[in-house]
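Trainee: starting from these lines, generate the structure:
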Amino acid sequence: MPKSKRRIRDEFWFVAIGLGLVAFTLLADWWEEHAVIGWTVVGILLAVLMFLAYRFASLRGWLGRQVKSAAKKAVFEEEASAREPLPQDKREEVLRRAHYRCENERCSYRGKPHIHHIDMNNSNNHLSNLIALCPNCHQKAHKGSFTATQLGNWVRRDLQRRRSRRTEI
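Mentor: Here you go, the predicted model:
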């Protein structure tokens, strides 16, 4: 009768490694006197970690995702979304209409605003559906603090101001 293989849970290895690292840091004073042995232990621990990464695909996948996510955050300002980006000419026109500021008159944010779709339909890129909002107001719009009617009124107000300036010139 064949023996059944017993598999050690991945959580066990995380706990074992964590406890090993804690014990290792407690031995810092000892390290000063016995550096050669200490580096040997570090080498063994690294070898064990490499083996665990080799042995467990779930650990490799998790580590890979963590490294990829950290690299994206270090290189890119924001992670790109899966949807089609807003065309640059539309983005520029909305920002120009808003004078490169948040279209909420009560907002004092002076950084670069985000572009928000008022009806939450990312494929509707009509200028009356796009509004420039600071990151805080953008988050409030998604949470429902600002209604679509309120956002639409801000856009109409700015469009009317822009039209009135054109007729004055």
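Trainee: in which helix or strand does His116 reside?
Mentor: strand 114-117 (DSSP states H and E).
Trainee: following that strand, which helix or strand comes up?
Mentor: strand 130-133.
Trainee: against which helices or strands is the helix or strand that that next one is followed by packed?
Mentor: Once strand 130-133 ends, the next helix or strand along the chain (criterion: DSSP H and E) is helix 135-143. On a contact count with 3 or more Cβ pairs under 8 Å, 6 or more residues apart in numbering; DSSP states H and E, helix 135-143 meets strand 114-117. (C-beta placed from N, C-alpha, C; glycine too.)
Trainee: please redo it, this time with the cut-off set to 10 Å
Mentor: When contacts are defined as 3 or more Cβ pairs under 10 Å, 6 or more residues apart in numbering; DSSP states H and E, helix 135-143 packs onto strand 114-117, strand 130-133, helix 148-168.
Trainee: now for those, which one comes closest to Val41?
Mentor: When the helices and strands packed on helix 135-143 are ranked by proximity to Val41, the top entry is strand 114-117, at 50.2 Å, counting by Cβ to Cβ.
Trainee: could I get the helices and strands packed on helix 135-143 as CSV with distance to Phe51?
Mentor: Formatted as CSV, the helices and strands packed on helix 135-143 follow (distance: least, Cβ to Cβ, whole Å):
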stretch, distance to Phe51
strand 114-117, 46
strand 130-133, 51
helix 148-168, 56
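Trainee: Throw these into CSV and include distance to Val22, mean pLDDT and mean neighbour count, thanks.
Mentor: CSV is the format used below for those (distance: least, Cβ to Cβ, whole Å; pLDDT from 0 to 100; neighbours: other Cβ atoms under 10 Å):
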stretch, distance to Val22, mean pLDDT, mean neighbour count
strand 114-117, 43, 92, 18
strand 130-133, 46, 93, 25
helix 148-168, 52, 81, 12
